[in-house]
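>>> Here is a sequence together with a model predicted from it:
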Amino acid sequence: MMKKTTHKNNSSLPSLMKNISHAKGAAFLVIAFLIILQTISAADYPYSWDKQHQGTILSGLQYFKAPGGGSQGSWYLLSIYAIMVCLLANALVYVAAKVFNSQSTMRFAISEFYNVSASAIMIFLLAGMGMSVFAFLQGSGFLPAGTSSKCYGAQVDVWKMGPPAIVQCKIQEKIEYVEGLYSQAYKLNEDNEPLSSLCIYIMSVQAYCWDWDVSLHATVEKAHLLANKIMPIAINLHAQYMFVSYIANNMLSLFLPIGLILRIFPILRGIGSIMIAIAIAFFFVFPITFLILDPDTVRPNPADLIQTHDNNFSPCYSSFSGMVTAISQKPPNVIDGTVPPDASQVGKELASLQAEAFLIPLAALTASLIFISSATPILGGDAGELMRFVAKVI
Amino acid sequence: MENKNSKKEICRCGNFSSARHAKQNRAVFPSSSEKSFVNAEPAASMHAFIFAALALLVFSSFSFALDAPHLKEWPQIAYDNAPFEISFSSEGDVDAVSHLYAIEIKKGADIEKDGGTVSLGADKESSFRIQCTIAKCRGASVSVYVFALGSGGGISEKPGTFYVRPQADRPKYKPEFDSISPDDGSLSASLRENSVAGIGNKKYTLKFKDPQGEFANFNITIYKDGKFVSTDFYPSATVSIDCSGCKEGTSFQVQASGIKNSAQGPSMAVQLFTPLSSGLPDPAKAAPICDPKNLQESWLPVMAAGFMALIIIIALAYTLSESLSLPRLGVWAKTEITQLIISALIFALIAWLIGVQCSFDAGALAKMAGVETAKYGVVNDGDTMMSASLKGLEWSIQQTHITTAFIRRELGVLSMRATYNKYVPDGAGIIGSGGFSVSPLSGDWTMSGNLNMLLNVNTTFLLSLLFQLFSLLLFSTKSGLFLFLVPIGLVMRSIPFLREAGGGLVAIGVGFYILYPMFLAIIAITLPPLYAGHDAINVTGFPSAQAIAENERTITGTDIFSYWFDLPDLYKRAKGAQDTNKTFYTINLSPLYEMSAYNFIRALLIPSAGLVVIVSFVRDLAAIFGGEVDASRLIGMV
């Protein structure tokens, strides 16, 4: 009796996908995603970035785009050479594995082939679709074209200046504000401390010293304390400013290309992956998150986003409503030199500035680190040690 | 320059001549009107003084191996009642303890004689001084004799004309130093008299200025490590010093005096030295392992011996397995021979990586990144990874050291200002007096805590940079651990029970030799543009340095504090800021905050992140090589 056999119909899409190995499937998905991304229409990219950052950002992309693109760039050629070398090495390893009939070595050679292919795809897509990232960011609604942010009292278009430039502007604003606070603290003490050093002598005996006045002494010490508190904030802000400059100038032009090339080689894949993730995280995620979290950022739809300086909070930032209210009610960042300094007022200003100066950058940094820890394994590396290091530092 | 040895100042002057020593009569400050006084006349006779003759009689019985002491530059012009120096040296087997000098001054029929003893220095040189007045010495002839005591003795004679000028002819003012600039165009500094400045292994140009506009030219004398180097006249008040081969602790002393009407004025001196931070290790010792002989001499013997031993053991094992029918031993032998081959391939890979690193052009990488290295002067075209990393560290150390130097100086100024105290008595009473005391500038104590904290953190940054430098030298040079770790590791890796340890050693050696200099080179490329391109913070509302100095004069009644405001020149030139309103000191500490932030980025943040990445790489590489490195402990240390 013949057994009745049933044949499963394997022509459906899910079953088709099951039959494709993970590496191939991932490659197809990446290609498909990037093709979809490519179809997004022209985006409003920061033209002034070229001047703002001495051409390193757009130039970095251009250098990667075409062989000999730009007068100095040759990342593209270098990466092509690296891919060819690695493919050749993989081929030799595969042949050797076949000769010696080593299954594990054959599997290694095949997996390396997929990894090199993935690196090649990343390079080609980066060169061809760099601008699409901006289109994606604007089209996704995080920061649509026309979004502006307030800096030095004026609304500045985010995408015309570029997110890193806006971040720098805001940090610079805070730096000058901190310096104004310091000046206030100094002026508080300028006359009080000499007065506290005044002593009267009668018949060579100290009769009275103004330092004995408790309130005067307290004022002097308060000024000292304020000045000591201002210093770490000032250094922190300066460090943030420089850090943003560093990432704006170097992430796309140096770290990303080096990461892509290192990723091609097996023993350097981990480092390459980390560098790619760091470059993308700090260049895109950090400044954009900073702007998204900043309450002064205004999107172009006035019906949804009205940033006012009264007690009404914007519904679009519902998760940060309390903070938005508090920060939007903060006095303008101008120190009025005609008003005599008041220690308690300076202290309040300092406290509110401390929250703003630390909290938003910390949140943006956290988002960037989350991106790094998520993206690095996908790219083929391990960011565990980096995360542990950052956790200890922070 | 003062003679360290004893000497006696006497008042003798006159003119004298000796045909035999006419060629020694070189004018120091010749002028057309005085040339007639310079002509030498033949000595009529050689005069010996009583004590000199006795000395000659006593010592002439000894050997005649001594040469006559040689008298040096003869100062033709002296000033009324002012000492001038006569120097001499002795050759041959001299008694280094003492010489005798004797002077005869003849004016008309009057003859004055004097003399004394002078000790010869270890360098066989010495000097003594004589002093004249116009009344006594103008037109007189002078004979100077120096006797070398010891076996034999020689007599020297110095003819010449001695011209005395009034003190009023002498320039009263000293020159001022304008600036000292490295020839590579990096930082420059201004100096004051008797100040000390640290310099590095470079060529420097010193400039002077004439405060009163009265000098025709300058006489500049240079001493190196206490020894005379050169003296010359410089009409443009600019002199060069070459410290490109200086070792740690090398010192230069530069004396400058102005010339007016052929008369030399008082001199001033500055000291230059190479401090520890500039005395970086000799670049030859910090060289990478690029010469193939390095590997051949250190690696190949060790690895060849190790591998041969292992091959023999494996061959024995395989033979035993075949003869005794022990299949497990045969499998083990096959596995181990495979690992041996893999170790050899790893060696080939490492040799290739070394070649890549040695041929790596940091300047080309910078160009690919869009950085114009020539503009910043840290990394140049053709620099290898090692030289770029060393240059970058040297630059960072220099910048951080400057910051700490600024802060230390500011703390000193602050202390002086804040502790300045005035006591104003209000008449004297029957018992004691009354009055009041005040510290009018004590408001500066506000900044004291800040500056102390800044000094602490910047010192930490400096130490961190020095740690990085020593790590680089430890791991990544031919005199470092790399040549030790890797061959030992490769041999250990081929031994079954030492495979993990060997793999770990190789991974550590490769990671810190290849990646660490590369990372430092990237820092050297990427950080300098941030300094040059960074816009100086526009600080407004603070008083200018001149306003502060004027305020201080009003309060304290002195100018002692105005001296300190020259310091910002160094900072201004470094930042390219010319605005005198950017007062470095008092109230505005923003430049120090900015510099401290820079130092934090380059000394701690970026290097630490890089070290973490390198340690991760070492861990992954060790896993590939069959080892295991506990990266978490290394990260904890970092």
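Arrived safely. Remember, predicted model here, so these are calculated numbers, not experimental data. Numbering: from 1, shown residues only, chains lettered A, B, ... in the order given.
>>> Any chance of the backbone angles for B:K107?
For B:K107, the backbone dihedrals (degrees, to the nearest 10) come out as phi -130, psi 100.
>>> May I have the helix or strand hosting B:L272 as CSV, with CA atoms only?
For B:L272, the host element (DSSP states H and E) is strand B:263-273. The C-alpha trace of strand B:263-273 is given here as CSV (Å, rounded to 0.1, in the frame of the first residue of the first chain):
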residue,chain,number,x,y,z
ALA,B,263,79.7,103.0,25.5
GLN,B,264,78.2,99.9,27.0
GLY,B,265,75.4,100.2,29.5
PRO,B,266,74.4,97.9,32.3
SER,B,267,73.3,94.5,31.4
MET,B,268,70.4,92.4,32.3
ALA,B,269,70.1,88.6,32.2
VAL,B,270,67.4,86.0,31.7
GLN,B,271,67.7,82.3,32.3
LEU,B,272,66.3,79.7,29.9
PHE,B,273,66.1,76.1,30.8
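>>> Can you report how many residues lie near A:M84?
13 (other CB atoms under 10 Å in any protein chain shown). C-betas here are computed from N, CA, C, even on glycine.
>>> how about the helix or strand where it lies: buried residues?
Secondary structure from DSSP H and E places A:M84 in helix A:75-100. By 16 or more other CB atoms under 10 Å in any protein chain shown, the buried positions in helix A:75-100 come out as A:W75, A:Y76, A:L78, A:S79, A:A82, A:I83, A:C86, A:L87, A:N90, A:V93, A:Y94, A:A97.
>>> try stretch A:361-377
For stretch A:361-377, by 16+ other CB under 10 Å, it's A:P361, A:A364, A:L365, A:A367, A:S368, A:L369, A:F371, A:I372, A:S373, A:A375, A:T376.
>>> Need the nearest residue in space to the last one, chain neighbours excluded.
Think A:T376. A:A383 (3.9 Å; CB to CB, 6 or more residues apart in numbering or on different chains).
>>> Within the helices and strands, which one has residue 388?
In the absence of a named chain, chain A is used. helix A:384-393.
>>> To clarify, I was referring to chain B.
helix B:385-419.
>>> and that helix, what does it pack onto?
helix B:362-368, helix B:445-476, helix B:516-526, helix B:568-575, helix B:590-600 (3 or more CB pairs under 8 Å, 6 or more residues apart in numbering or on different chains; DSSP states H and E).
>>> partners of the next helix or strand after it in the sheet?
Downstream of helix B:385-419, the first helix or strand assigned by DSSP H and E is strand B:422-428. If you go by DSSP bridges, strand B:422-428 pairs up with strand B:433-438 (antiparallel).
>>> residues of the strand it pairs with that come out buried?
Buried, per 16+ other CB under 10 Å, within strand B:433-438: B:G434, B:G435, B:F436, B:S437, B:V438.
>>> can you tell me which residues contact the last one?
Residues touching B:V438, when contacts are defined by CB atoms under 8 Å, 6 or more residues apart in numbering or on different chains, comprise A:P194, A:S197, A:L198, A:C199, B:N421, B:K422, B:V424.
>>> ditto for the fourth one
B:S437 is in contact with A:S197, A:L198, A:C199, A:Y201, B:N421, B:K422, B:Y423, B:V424, counting by CB under 8 Å, 6+ apart.
>>> Which residue is it, in the stretch 201-350 of chain B, that comes closest to chain A?
Relative to chain A, the nearest point of the stretch 201-350 of chain B is B:L349 (8.2 Å; CB to the nearest CB).
>>> no wait, the stretch 451-600 of chain B
Closest point on the stretch 451-600 of chain B to chain A, by CB to the nearest CB, is B:A597, at 3.4 Å.
>>> Check the burial of the residue lying closest to that residue once chain neighbours are set aside by counting its neighbours.
Spatial nearest neighbour of B:A597, chain neighbours left out: A:H238 (3.4 Å); criterion: CB to CB, 6+ apart. Using other CB under 10 Å, A:H238 has 27 neighbouring residues.
>>> Spell out the secondary structure type for A:H238.
Look at A:H238: counting by DSSP: H, G, I helix; E, B strand; the rest coil, its state is helix.
>>> looking at chain B, which helix or strand is least sure?
helix B:35-38 (a mean of 33; mean pLDDT, DSSP states H and E).
>>> what about the stretch 251-400 of chain B, any weak spots by pLDDT?
For the stretch 251-400 of chain B, the stretches with pLDDT under 70 are B:273-298, B:374-375, B:377.
>>> Would you state the helices of it in chain order?
Ranges of helices within the stretch 251-400 of chain B are B:292-323, B:327-359, B:362-368, B:373-376, B:385-419, based on DSSP state H, counting those that start in this stretch.
>>> so can I have a markdown table of those helices showing mean neighbour count?
Shown next, in a markdown table, are the helices of the stretch 251-400 of chain B (neighbours: other CB atoms under 10 Å in any protein chain shown):
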| stretch | mean neighbour count |
| --- | --- |
| helix B:292-323 | 14 |
| helix B:327-359 | 15 |
| helix B:362-368 | 22 |
| helix B:373-376 | 16 |
| helix B:385-419 | 21 |
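>>> Of all the ones you listed, which one is nearest B:Q167?
For the helices of the stretch 251-400 of chain B, the distance to B:Q167 is smallest for helix B:385-419, at 35.8 Å, taking CB to CB.
>>> For the residue nearest to A:L268 when sequence neighbours are not counted, which residues are in contact?
Once flanking residues are discounted, A:L268 sits nearest to A:L262: 4.2 Å by CB to CB, 6+ apart. Contacts for A:L262 (CB under 8 Å, 6+ apart) come out as A:L268, A:R269, A:I271, A:G272, A:M275.
>>> okay but B:Y423 is in contact with B:S439, surely?
No: in this structure, B:Y423 is not within contact of B:S439 by CB atoms under 8 Å, at 10.4 Å.
>>> Would you mind telling me which of these two has more residues around it?
In this view B:Y423 and B:S439 are compared by other CB under 10 Å, and B:S439 has more residues nearby, 20 against 11.
>>> Those residues of the stretch 201-350 of chain A touching chain B, which are they?
A:201-205, A:223-224, A:227-228, A:230-232, A:234-239, A:241-243, A:245-246, A:249-250, A:253-254, A:257-258, A:266-268, A:270-271, A:274-275, A:337 (CB under 8 Å from any CB of the partner chain).
>>> Let's see which of those end up in strands.
A:Y201, A:I202, A:V205 (DSSP state E).
>>> The first one bridge partners, please.
It refers to A:Y201. Beta-bridge partners, per DSSP bridges, of A:Y201: A:Q206, B:G435.
>>> Next, count neighbours for it.
A:Y201, neighbours per other CB under 10 Å, totals 20.
>>> What does the pLDDT read for the spatially closest residue to B:N450 that is not a sequence neighbour?
Nearest residue to B:N450, sequence neighbours excluded (CB to CB, 6+ apart): A:M231, at 4.6 Å. Looking at A:M231, its pLDDT is 85.
>>> From A:A383, how far out is A:M231?
As defined by CB to CB, to the nearest Å, A:M231 lies at a distance of 33 Å from A:A383.
>>> now do B:V144
83 Å.
>>> Please apply the same query to A:P295.
Taken as CB to CB, the span from A:P295 to A:A383 is 31 Å.
>>> higher neighbour count, these two?
Neighbour totals were compared for A:P295 and A:A383, and A:A383 leads with 25 against 21 (other CB under 10 Å).
>>> How about the contacts made by the more buried one?
Per CB under 8 Å, 6+ apart, neighbours of A:A383: A:I274, A:A277, A:I372, A:S373, A:T376, A:P377.
>>> redo that, cut-off 7 Å
Counting by CB atoms under 7 Å, 6 or more residues apart in numbering or on different chains, A:A383 makes contact with A:I274, A:A277, A:I372, A:S373, A:T376.
>>> Where does the fourth one fall, secondary structure wise?
Secondary-structure element containing A:S373, defined by DSSP H and E: helix A:343-379.
>>> Determine the set of other helices and strands touching that helix.
Judged by 3 or more CB pairs under 7 Å, 6 or more residues apart in numbering or on different chains; DSSP states H and E, helix A:343-379 is in contact with helix A:163-196, helix A:214-250, helix A:269-280, helix A:286-293, helix A:384-393.
>>> I'm done for today, thanks for sticking with me.
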